[in-house]
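Peer 1: sharing a sequence plus its predicted fold:
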Amino acid sequence: MKILVTGGCGFIGSNFIRLILNETSHQVINLDSLTYAGNLENLKELEGNPHYQFLKGDIRDQKLAEKILSAGIDAIINFAAESHVDRSILDPQSFLQSNYFGCANLLESCRKFPVKIFLQISTDEVYGPFPKGLADEGCRLNPSSPYSASKAGADLLCFSYHKTFGLPVTIARLSNNYGPYQFPEKLIPLFITNALEDQPLPLYGDGLQVRDWIFVEDACQALLLILEEGRAGEIYNVGGGNQRTNLEVTRIILQELKRSKRLIKYIQDRPGHDRRYALDSNKIKKELGFAPALKFEDGLLLTVKWYQDHKKWWQKVKSGEYRLYYEGFYRQKLGLKKK
Ligand code: NAD
Ligand code: DAU
């Protein structure tokens with residue numbers, strides 16, 4: 001298959017492309033606009049690989065999308081998005097632009113140049129907070145942040161194109177991914193890298209919010225299965241079955257890095273913060289035989305080790321645009337004065 005991967009220079013996209021090129025004979029075109037979260041170094045080892053091509057461009061660019069599709073593409077997997085909830089509180093518009101209108105542009109381009117599968121990468125956050133039990137694919141959409149609302153909007157649009165125009169759209173709703181190459185603004189890489197630098201770990205509210213964690217390579221295996229065997233018009237939840245409070249995750253990181261829990265700094269809660277997510281992933285297990293391979297604690301230790309071994313990668317990332325972010329919003333989050 002010739003696959004158009006969008007957002008392939010980000011965290012999950014780069015892990016997915018590495019998996020595809022290592023384990024299959026599919027060809028990949030990676031379309032990424034290289035926002036602050038997109039990093040060519042994530043896939044440096046693929047330079048010169050005849051099965052891989054990188055194109056710098058925006059998924060909202062209709063001419064570009066049509067040009068790529070007109071050359072013959074079998075499948076699209078759309079990772080491209082603004083992905084950080086904190087940032088969506090600061091700047092909702094950019095989330096609507098990439099996550100909703102970007103997806104709309106890809107769908108529209110597929111009407112002119114059909115593909116065999118359009119796999120939209122969505123999130124458990126579209127179900128909103130789930131105080132008890134597990135969210136299955138039939139649960140109502142109840143997003144809380146501009147980020148999750150933009151993703152829920154894209155999901156609805158995808159299915160409208162399936163129903164109205166017969167586009168072969170499938171949606172994968174992932175729980176919290178963690179692992180190598182995650183931008184150090186998200187909980188796990190932020191806390192690992194801050195701890196390594198003996199900087200405070202800013203924990204929102206009481207730290208007892210629950211997330212369901214899945215190792216990124218497990219999530220990518222699930223996505224490959226959906227791409228190859230999933231049914232059009234269907235939603236597949238992809239969770240890790242690892243529900244942990246943020247405080248539990250923080251304690252493991254501190255313990256592993258032999259740092260004091262005095263580094264934890266409780267800060268004012270995130271506005272609209274969802275208390276708990278927990279996915280029911282029985283459908284993908286029953287239909288496609290998927291189960292995550294890695295236990296959470298093992299995956300977390302691997303991740304800690306990866307950040308210990310890749311200091312140059314994250315120190316460079318943290319000194320770029322992230323530094324500006326740090327000096328504004330992030331300092332404010334920590335209750336520090338702006339520089
Ligand atoms: P990320 O922020 O690490 O990467 C996003 C990538 O998309 C970057 O390379 C960026 O340059 C690119 N991009 C952004 N806007 C673009 C645009 N308009 N045109 C082209 N490229 C653009 O994100 P991630 O954590 O890898 O998440 C990937 C996808 O998975 C997103 O759609 C996100 O909503 C979804 N998701 C992520 C998680 C998670 O835990 N990380 C969980 C569930 C779902
Ligand atoms: O659930 C899937 C979602 O997971 C994805 O759709 C998003 O793209 C991804 O960013 C992630 O969203 P979260 O908001 O859950 O991830 P984040 O790492 O930002 O936060 C995880 C939890 O940790 C959340 O309860 C907020 C808390 N947190 C986060 C940060 C960055 C803190 O307490 N302090 C922090 O500094």
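Peer 2: Received the coordinates, thanks. Ligands and ions are numbered 1, 2, ... in the order given.
Peer 1: only C-alpha atoms from now on, for both contacts and neighbour counts.
Peer 2: OK.
Peer 1: quick one: the strands in the stretch 101-250 of the chain, in order.
Peer 2: For the stretch 101-250 of the chain, the strands defined by DSSP state E, counting those that start in this stretch cover 117-123, 169-174, 176-178, 201-204, 210-215, 235-238, 243-245.
Peer 1: and these: which comes nearest residue 88?
Peer 2: Closest approach to residue 88 among the strands of the stretch 101-250 of the chain (CA to CA): strand 117-123, 14.7 Å.
Peer 1: by contact count, what packs against that closest one?
Peer 2: Strand 117-123 makes packing contacts with strand 75-78, helix 146-165, strand 169-174 when contacts are defined by 3 or more CA pairs under 8 Å, 6 or more residues apart in numbering; DSSP states H and E.
Peer 1: among those, which is nearest residue 253?
Peer 2: Closest approach to residue 253 among the helices and strands packed on strand 117-123 (CA to CA): strand 169-174, 22.8 Å.
Peer 1: what's that closest one in contact with?
Peer 2: By CA atoms under 8 Å, 6 or more residues apart in numbering, the residues outside strand 169-174 that reach it are 117-124, 155, 158-159, 161-162, 219, 223, 226, 230-239.
Peer 1: cool, stretch 246-256 as well?
Peer 2: Contacts of stretch 246-256 (CA under 8 Å, 6+ apart): 188, 191-192, 195, 203, 207-211, 260-261, 300-301, 304.
Peer 1: do stretch 299-319 as well
Peer 2: When contacts are defined by CA under 8 Å, 6+ apart, stretch 299-319 is touched by residues 178-180, 183-184, 189, 192-193, 196, 215, 253, 256-257.
Peer 1: tell me the most packed of the residues you listed, by neighbour count.
Peer 2: Each of these was scored for neighbours by other CA atoms under 10 Å, and residue 215 scores highest at 26 neighbours.
Peer 1: what about that one, distance to residue 148?
Peer 2: Distance of residue 215 to residue 148, given as CA to CA, to the nearest Å: 21 Å.
Peer 1: then residue 222?
Peer 2: 21 Å.
Peer 1: same deal with residue 141?
Peer 2: Look at residue 141 and residue 148: by CA to CA, they are 10 Å apart.
Peer 1: more crowded one of those two?
Peer 2: Neighbours per residue, other CA under 10 Å: of residue 141 and residue 148, the larger number sits with residue 148, 26 against 18.
Peer 1: you'd agree that one is up against residue 100?
Peer 2: No - in this structure, residue 148 is not within contact of residue 100 by CA atoms under 8 Å, at 10.6 Å.
Peer 1: which residue is the nearest non-sequential neighbour of residue 139?
Peer 2: In space, and not counting its chain neighbours, residue 139 is closest to residue 127: 6.8 Å by CA to CA, 6 or more residues apart in numbering.
Peer 1: many thanks, I have nothing further to ask.
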